[in-house]
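A.B. asks: Fold the following.
(2 chains, ligands or ions: 2)
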Amino acid sequence: MSGTYIIQNLLDGISLGSIYALVAIGFSMTYSILRLINFAHGDILMIGAYCAVFIMVASHLPLWAGLLGAMLFAALIGMMVERVAFRPLRGANEEAMLLTSLAVSIFIENLGIMTVSAQPRKFETTQALSFMHQIGEISVSNMTLLIFFLTVFLILLLTLFVTRTRLGVAMRACSENLVAARLMGIDINKVVACAFAIGSGMAAVAGVMLGAQYGRIDPLMGFIPGLKAFVAAVIGGIGSIPGAALGGYVLGLSEILLVALLPPMYSGYRDAFVFFILIIVLLIRPAGLLGILEGRKV
Amino acid sequence: MLELNGVDIYYGNIKAVKEISLKVEEGELVALLGANGAGKTTTLRAISGTIRPRSGTIVFKGLDLSKVSAHNVVGTGIAHCPEGRQVFSRLSVLENLMLGAFLRRDKKEINRDLEWIYTLFPILAERKKQSAGTLSGGEQQMLAIGRALMSRPSLILFDEPSLGLAPLFVEKIFEVIRYLKGEGKTILLVEQNAYHALEVADRGYVLETGSIKLSGTAGELLANDDVKKAYLGG
Ligand SMILES: Nc1ncnc2c1ncn2[C@@H]1O[C@H](COP(=O)(O)OP(=O)(O)OP(=O)(O)O)[C@@H](O)[C@H]1O
Ligand SMILES: [Mg+2]
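C.D. replies: Ligands and ions are numbered 1, 2, ... in the order given. Below is the predicted model of the structure:
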């Protein structure tokens, strides 16, 4: 086993980890405020991917336009889902919210199958993305670079938002203490809507990147990434934004490396590895890597 | 300025507060006393809108508060400094204070108030970059008071601000409450420490299992035998 082989796989792991991180962050944001485990979050990723394809095919616009359109559309859908499905449940227990999110997920997936058909659809983008840079024996595609830098950029942007803006600080306050937040004059509904918009927008980016990477999309494409993002969020410490990002990378890297390093006959167990990693992390740190075990005052 | 009339409050089917009526006039400091579970916190929660009375009215400056959603109450001029401090422990001291001014847009005045809070509680200025969770209990109480003041309230609701604090901090808190009264703030003060509270208050109410049992001027209550027995240790 050569060093090049490992580095090559590390690069793949970073690219996969970026995608998990993007999805996990949104997942974690809404969890931290509402204690909502949102299984429909992965389906927003799918909506984003389809939106980008429609924009790029129908209007012959470049990838960045598709990406931007997908983010905006997904943000809108995310806010709508919150308004229709989750807001009426404000104050309900966590199980009720979780079941509702499953229902929303099934609804979106079936709506997808009915409207855009269950058949996978081609996701064609510019050739430039598959261009490979050769550095010695290692090759990096533009795609990998794009995913990584876009993710880092979005995470930085989000960090600035939650530390430097009034609404961002209010969002962190809400994730800590909703009652006290209301005493400050913070409109919880606005903050929640904003968290859904941001989280959905980031999931859309992940959807477009997945589509561009594999060249095809289908209405169920969000299910597995959604589930893994949930695992990533828990690994990182659910409710923590940096934790979600870290969890995404830890998961992406270890998934790829395990597949690469174990004998080929085990590669079919890839998704089982994910839960194996989860169990190991939770055994060592029950609150996740960056999580704080806390009973929130409500 | 503030008037509660026949207010009933339930938690589920449990009646926590029964038909209470009370009044706070502008510039007054009114103490709300009572044993554990008497309904003091519940009453304050109803005023700040975080719980809704089942019946009765709460009127502030002529405004029916039942029509104001919880996050808008602070905008009417009521600041609630809640039981147990409830500071945002993962946020910095400065962020906590600025959240107190969340609805305000007058940047210059906000900064002036911030300086005022820092002169009132110099320790907060020293610790402004630290996360609030690293402060001691007494410092957190100062932060909670500072945060409430940052909304520039005309009425402040204090819920047991001295609870669990060392004597030095208790003195400091009461000194600040006295000072705020001098500044013309209207205050509704919930306290277990009845003696201290009645010393600074103009008037007081005594709650017992959800109803008002006694009311009167601070002097009357201090001299009252029942109050003496129940709250002043003889
Ligand atoms: N969230 C709640 N759910 C159910 N019952 C509650 C809740 N909060 C308070 N109660 C009940 O309502 C009654 C009044 O409680 P409240 O907290 O207002 O008392 P208090 O006078 O503030 O007491 P303390 O001095 O201990 O703070 C108590 O019997 C209490 O058990
Ligand atoms: Mg209380």
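
A.B. asks: burial of A:Leu220, as a residue count?
C.D. replies: 15 (other Cβ atoms under 10 Å in any protein chain shown). The C-beta positions use only the backbone N, C-alpha and C, and glycine is treated the same way.

A.B. asks: ok, it to ligand 2 distance?
C.D. replies: 51 Å (Cβ to the ion, to the nearest Å).

A.B. asks: Could you pull up the residues touching the nearest residue to that residue once chain neighbours are set aside?
C.D. replies: In space, and not counting its chain neighbours, A:Leu220 is closest to A:Glu109: 5.9 Å by Cβ to Cβ, 6 or more residues apart in numbering or on different chains. Listed by Cβ atoms under 8 Å, 6 or more residues apart in numbering or on different chains, the contact set of A:Glu109 reads A:43, A:46, A:219-220, A:222-223.

A.B. asks: Please identify the helix or strand for A:Glu109.
C.D. replies: A:Glu109 is located in helix A:94-116, with elements delineated by DSSP states H and E.

A.B. asks: what's the pLDDT at the one residue in chain B that gets nearest to ligand 2?
C.D. replies: Using Cβ to the ion, the closest approach of chain B to ligand 2 is made by B:Thr41 at 3.0 Å. The predicted local distance difference test score for B:Thr41 is 97.

A.B. asks: Tell me how many other residues crowd A:Thr4.
C.D. replies: When neighbours are defined as other Cβ under 10 Å, A:Thr4 has 12 of them.

A.B. asks: Based on its surroundings, how many neighbours for the residue nearest to A:Ile37 when sequence neighbours are not counted?
C.D. replies: Nearest residue to A:Ile37, sequence neighbours excluded (Cβ to Cβ, 6+ apart): A:Leu98, at 4.7 Å. By other Cβ under 10 Å, the residues close to A:Leu98 number 15.

A.B. asks: Could you check the pLDDT of A:Arg296?
C.D. replies: pLDDT, A:Arg296: 51.

A.B. asks: Check which residues of stretch A:126-146 are buried.
C.D. replies: Buried residues in stretch A:126-146, counted by 16 or more other Cβ atoms under 10 Å in any protein chain shown: A:129, A:140-141, A:143-144, A:146.

A.B. asks: Take those and keep only those in strands.
C.D. replies: Mapping the buried residues of stretch A:126-146 onto strands (DSSP state E) picks out A:140-141.

A.B. asks: A:Gly215 and ligand 1, how far apart?
C.D. replies: Distance of A:Gly215 to ligand 1, computed by Cβ to the nearest ligand atom, to the nearest Å: 54 Å.

A.B. asks: Next, the buried residues of the helix holding A:Glu109.
C.D. replies: Within helix A:94-116, the residues that count as buried by 16+ other Cβ under 10 Å are A:97, A:100-101, A:104-105, A:108-109, A:112, A:116.

A.B. asks: quick check, distance from it to the centre of its chain.
C.D. replies: 17 Å (Cα atoms, centre = their mean, to the nearest Å).

A.B. asks: Show the average pLDDT along it.
C.D. replies: Helix A:94-116 shows a mean pLDDT of 95.

A.B. asks: Only C-alpha atoms, please: export it in CSV.
C.D. replies: Provided in CSV are the C-alpha atoms of helix A:94-116 (Å, rounded to 0.1, in the frame of the first residue of the first chain):
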residue,chain,number,x,y,z
GLU,A,94,-39.4,15.3,20.4
GLU,A,95,-40.9,12.0,19.2
ALA,A,96,-43.9,13.8,17.6
MET,A,97,-41.5,16.1,15.8
LEU,A,98,-39.3,13.2,14.6
LEU,A,99,-42.3,11.2,13.3
THR,A,100,-43.6,14.3,11.5
SER,A,101,-40.2,14.8,9.8
LEU,A,102,-40.3,11.2,8.6
ALA,A,103,-43.8,11.8,7.2
VAL,A,104,-42.5,15.0,5.5
SER,A,105,-39.6,13.0,4.1
ILE,A,106,-41.8,10.3,2.6
PHE,A,107,-44.1,13.0,1.3
ILE,A,108,-41.3,14.8,-0.5
GLU,A,109,-39.8,11.6,-1.9
ASN,A,110,-43.1,10.5,-3.3
LEU,A,111,-44.0,13.8,-4.6
GLY,A,112,-40.6,13.7,-6.4
ILE,A,113,-41.3,10.3,-7.9
MET,A,114,-44.7,11.5,-9.1
THR,A,115,-43.5,14.7,-10.6
VAL,A,116,-40.0,14.1,-11.9
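
A.B. asks: continuing past it, what's the next helix or strand?
C.D. replies: strand A:121-122.

A.B. asks: So which elements touch that following strand?
C.D. replies: With contacts taken as 3 or more Cβ pairs under 8 Å, 6 or more residues apart in numbering or on different chains; DSSP states H and E, strand A:121-122 sits against strand A:216-217.

A.B. asks: Now do the buried residues in the next helix or strand along the chain from the strand it packs on.
C.D. replies: Note on strand A:216-217: by DSSP H and E, the next helix or strand toward the C-terminus is helix A:223-236. Using 16+ other Cβ under 10 Å as the test for burial, helix A:223-236 gives A:223, A:225-236.

A.B. asks: does any part of whichever helix in chain A runs longest sit near chain B?
C.D. replies: The single longest helix within chain A, with elements called by DSSP state H, is helix A:3-34. No - if you take Cβ under 8 Å from any Cβ of the partner chain as the test, helix A:3-34 misses chain B, and the best it gets is 10.6 Å.
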